[in-house]
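**Student:** Compute the structure for the input listed below.
(2 chains)
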There are 2 protein chains.
Amino acid sequence: MTPDAGALVDGARAGDRGAVARLISLVESGGDVATEAVARLYPLTGNAYTVGITGAPGSGKSTITDRLITCIRRDGAEVGVLAVDPTSPFTGGAILGDRVRMQDHATDEGVFIRSMATRGHLGGLALATPQALRVLDAAGKPWLIVETVGVGQVEVEIAGAADTTVVVVNPGWGDGVQAAKAGLLEIADVLVVNKADRVGVDETVRDLVQMLELGGDRPWSPPVIETVATESRGIRDLYDAIVRHRAFLESDGRLDAKRAARVRDEIRSILEARLTAQVDQLCAGEGFDELVARVVARSLDPYAAVEKIVAG
Amino acid sequence: MTPDAGALVDGARAGDRGAVARLISLVESGGDVATEAVARLYPLTGNAYTVGITGAPGSGKSTITDRLITCIRRDGAEVGVLAVDPTSPFTGGAILGDRVRMQDHATDEGVFIRSMATRGHLGGLALATPQALRVLDAAGKPWLIVETVGVGQVEVEIAGAADTTVVVVNPGWGDGVQAAKAGLLEIADVLVVNKADRVGVDETVRDLVQMLELGGDRPWSPPVIETVATESRGIRDLYDAIVRHRAFLESDGRLDAKRAARVRDEIRSILEARLTAQVDQLCAGEGFDELVARVVARSLDPYAAVEKIVAG
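**Tutor:** Numbering: from 1, shown residues only, chains lettered A, B, ... in the order given. Next up, the predicted model:
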């Protein structure tokens, strides 16, 4: 049965959790029905605020996410959460190991948690994530959290595409430097030193502050927050920092400008995915094999071969 | 003055080092003259054997390359060397810091050494490197060495595109594991544990052998060679291992098959670079800004915007 995108969108708007789950699966899997679903969802979006959370595996992102949900729920707002894991062999909807604890919120109707793993479709997670966020946005969740499991290129890109990006590190020599190397400081709006009850927290905070200062004067200086997420310590400070950053963005039209830049990047990515599909097609035919054979035989050079392919 | 590709190619064939240097700059910089130069060079190539050398910074790749040059020169053959450094701010032709020692060979007419750094042109180093190797091949160097400075994605790709790929690690807990993580074991035809006079060499060799065995039975089992390059120890073993791997590839048409696969990848990469240029063009016009504005205003969704762009 082909799912009816219109009926699912109506269901999601009315608060039907099953419809939300099916819509996310739909936009994840790509294809024409996905495109239709996005077309129907899109006019209903733009009301949610997105927080991206990233950091090395084991830094405590899941626990922070879990406690942040509690914090937001205490304020009465609903939350949608996407846990993005490009390395997981599990399909979307699976509960990943270290995320089980988030299931404390499983019986809370105001919280929707979804894991997303690698999907085969074009552009993969980096294109599927904004669509899944749109489902949650259209379903009326005012707060969205995207947590990425590691600090791979795609994960940094996904977390960096949020309104507020939170980067989590731990105390310890070099952890701040590692974060800088992975390009995490560039995307961080708020920095968290989690497990702040461990040795080395002061040095790590100092390192981070120094490295941030090296970036020069910027209109927003990312605060460095100490947390012990397992004991819920510092989580309110983190939430306050996110709210402050949000207020900063909402002044002077910065949020609109940031989102417009994101739209621009997204359109470009969709275009690239389409052209990659085109390359796949061009390189699949019998004619391609013949051209390769001619280049191998040196009767044609590689650039001339490409000219022939493009000329069709 | 527009350089005359034909005259440069004739000069390079006749052994004019200046012509070789200018041709490499030409194919590095891209554009129509570069394409013409490649067209003229290409029929003259296919005689050189390429060795790729990669490994973490500081592992001693430059010294190994230096000593390998000496080894090959003792056998009477000429050598062309490309030192590829995507992170260097220097332009091609610059001598990178830790490569100064290779200048021992600077007065040897049978050795041509060239550093290549990031170039602005389409596809960057991954596309420019095979063209630069073709210049050296057409100039009659029977042995080519490509050394990459680090183990970034592009560097691994470049070193992995050689006929024989040498991966260099050092003794020490976890270095082998790091190499495996970086995908280096997959591309290694020969593994070198350099600085083998240091503590931990036996463990590192054992780790590497074990990890290679995990890969299952393969027609070629990459040997693990111990070297102390600064003292020229083990370099002859490395050279012998490369020669053995070459003989293996030259049996049963494996080398031809490997090179045909590389031609296929290269044509695909050139095609991708062309389509990326097309995306750049599509995203540069005024029409694109208008579409972005409509998507921001939610009167159009991102996928519909892409449809409009593609439809022209």
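**Student:** Quick check: chain neighbours aside, which residue is closest to whichever residue of the stretch 101-250 of chain A sits closest to chain B?
**Tutor:** For the stretch 101-250 of chain A, the residue closest to chain B is residue A:130, as judged by C-beta to the nearest C-beta, at 8.1 Å. Where you see a C-beta, it was placed from the backbone N, CA and C, and this is true even at glycine. Excluding its sequence neighbours, the residue lying closest to residue A:130 (C-beta to C-beta, 6 or more residues apart in numbering or on different chains) is residue A:266, at 6.0 Å.
**Student:** and the one you found, what does it touch?
**Tutor:** Counting by C-beta atoms under 8 Å, 6 or more residues apart in numbering or on different chains, residue A:266 touches A:127, A:130, B:302.
**Student:** between those, which has the most around it?
**Tutor:** Neighbour tally across the contacts of residue A:266 (other C-beta atoms under 10 Å in any protein chain shown): the maximum, 26 neighbours, falls on residue B:302.
**Student:** hang on, the earlier thing: and the contacts of residue A:266 as TSV, adding pLDDT and secondary structure?
**Tutor:** Output for the contacts of residue A:266, formatted as TSV (pLDDT from 0 to 100; DSSP: H, G, I helix; E, B strand; the rest coil):
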residue	pLDDT	secondary structure
A:127	86	helix
A:130	93	helix
B:302	95	helix
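**Student:** dump the residue contacts of the residue of the stretch 101-250 of chain A closest to chain B.
**Tutor:** By C-beta under 8 Å, 6+ apart, the residues touching residue A:130 are A:161, A:262, A:266.
**Student:** ok so, going back, backbone dihedrals for the residue nearest to residue A:130, both of them.
**Tutor:** phi -70, psi -40 (degrees, to the nearest 10).
**Student:** same deal with residue A:256?
**Tutor:** Here is the backbone geometry of residue A:256 (degrees, to the nearest 10): phi -60, psi -40.
**Student:** burial count for the residue nearest to it when sequence neighbours are not counted?
**Tutor:** Excluding its sequence neighbours, the residue lying closest to residue A:256 (C-beta to C-beta, 6+ apart) is residue B:296, at 7.6 Å. Per other C-beta under 10 Å, the neighbour tally for residue B:296 reads 18.
**Student:** and if you look at residue A:304?
**Tutor:** Residue A:304, neighbours per other C-beta under 10 Å, totals 17.
**Student:** show me where the stretch 51-200 of chain A has strands.
**Tutor:** A:79-85, A:111-117, A:143-148, A:164-169, A:190-194 (DSSP state E, counting those that start in this stretch).
**Student:** could you say what helices and strands the last one packs with?
**Tutor:** To tie it back to what came earlier, the one meant is strand A:190-194. helix A:61-74, strand A:164-169, helix A:201-214, strand A:224-227, helix A:235-250 (3 or more C-beta pairs under 8 Å, 6 or more residues apart in numbering or on different chains; DSSP states H and E).
**Student:** how near is the nearest residue to residue A:39 once chain neighbours are set aside to residue B:307?
**Tutor:** In space, and not counting its chain neighbours, residue A:39 is closest to residue B:301: 5.0 Å by C-beta to C-beta, 6+ apart. In this view, residue B:301 and residue B:307 are 10 Å apart by C-beta to C-beta, to the nearest Å.
**Student:** who's more crowded, these two?
**Tutor:** residue B:301 (21 against 14).
**Student:** Return the residues in contact with the more buried one.
**Tutor:** Residue B:301 touches A:38, A:39, A:41, A:42, A:43, B:295, counting by C-beta under 8 Å, 6+ apart.
**Student:** Recalculate using a threshold of 6 Å.
**Tutor:** Residues counted as contacts of residue B:301 (C-beta atoms under 6 Å, 6 or more residues apart in numbering or on different chains) are A:38, A:39, A:42.
**Student:** Could you dump the residues you listed into JSON lines with secondary structure and pLDDT added?
**Tutor:** Output for the contacts of residue B:301, formatted as JSON lines (DSSP: H, G, I helix; E, B strand; the rest coil; pLDDT from 0 to 100):
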{"residue": "A:38", "secondary structure": "helix", "pLDDT": "93"}
{"residue": "A:39", "secondary structure": "helix", "pLDDT": "94"}
{"residue": "A:42", "secondary structure": "helix", "pLDDT": "96"}
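**Student:** Residue B:277 is nearest to which of the helices and strands packed on strand A:190-194?
**Tutor:** strand A:164-169 (30.5 Å; C-beta to C-beta).
**Student:** I'd like the strands of the stretch 51-200 of chain A laid out as TSV, including distance to residue B:30 and mean pLDDT.
**Tutor:** Below are these laid out as TSV (distance: least, C-beta to C-beta, whole Å; pLDDT from 0 to 100):
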stretch	distance to residue B:30	mean pLDDT
strand A:79-85	36	91
strand A:111-117	39	88
strand A:143-148	35	96
strand A:164-169	35	96
strand A:190-194	40	96
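**Student:** Isn't residue A:49 up against residue A:163?
**Tutor:** Yes - using C-beta atoms under 6 Å, residue A:49 is in contact with residue A:163, at 5.4 Å.
**Student:** Low-confidence regions, chain A specifically.
**Tutor:** A:1-3, A:87-103, A:118-123, A:173 (pLDDT under 70).
**Student:** domains of it?
**Tutor:** A:45-252, A:269-311 (automatic domain parsing).
**Student:** Deepest-packed of these, please.
**Tutor:** domain A:45-252 (a mean of 19; mean count of other C-beta atoms under 10 Å in any protein chain shown).
**Student:** From one end of it to the other, what's the distance?
**Tutor:** Taking C-alpha to C-alpha, to the nearest Å, domain A:45-252 runs 22 Å from one end to the other.
**Student:** repeat for stretch A:13-20
**Tutor:** 8 Å.
**Student:** Centre of the chain to that stretch, how far?
**Tutor:** Chain-centre distance of stretch A:13-20: 22 Å, with C-alpha atoms, centre = their mean, to the nearest Å.
**Student:** buried set for that stretch?
**Tutor:** For stretch A:13-20, burial by neighbour count (16 or more other C-beta atoms under 10 Å in any protein chain shown) applies to A:16, A:19, A:20.
**Student:** Filter the residues you listed down to the ones in helices?
**Tutor:** Among those, the members falling in helices (DSSP state H) are A:19, A:20.
**Student:** In TSV, list the buried residues of stretch A:13-20 along with distance to residue B:8.
**Tutor:** Below are these laid out as TSV (distance: C-beta to C-beta, whole Å):
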residue	distance to residue B:8
A:16	70
A:19	66
A:20	64
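**Student:** Distance to chain B for the buried residues of stretch A:13-20 - can I get that in CSV?
**Tutor:** Compiled in CSV, those are given as follows (distance: C-beta to the nearest C-beta, whole Å):
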residue, distance to chain B
A:16, 22
A:19, 19
A:20, 19
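**Student:** Any idea which of the domains of chain A gets closest to residue A:33?
**Tutor:** domain A:45-252 (11.9 Å).
**Student:** Residue numbers of the stretch 151-300 of chain A in contact with chain B?
**Tutor:** Neighbours of chain B within the stretch 151-300 of chain A, by C-beta under 6 Å from any C-beta of the partner chain: A:260, A:263-264, A:266-268, A:270-272, A:275, A:279, A:283, A:292, A:295-296, A:298.
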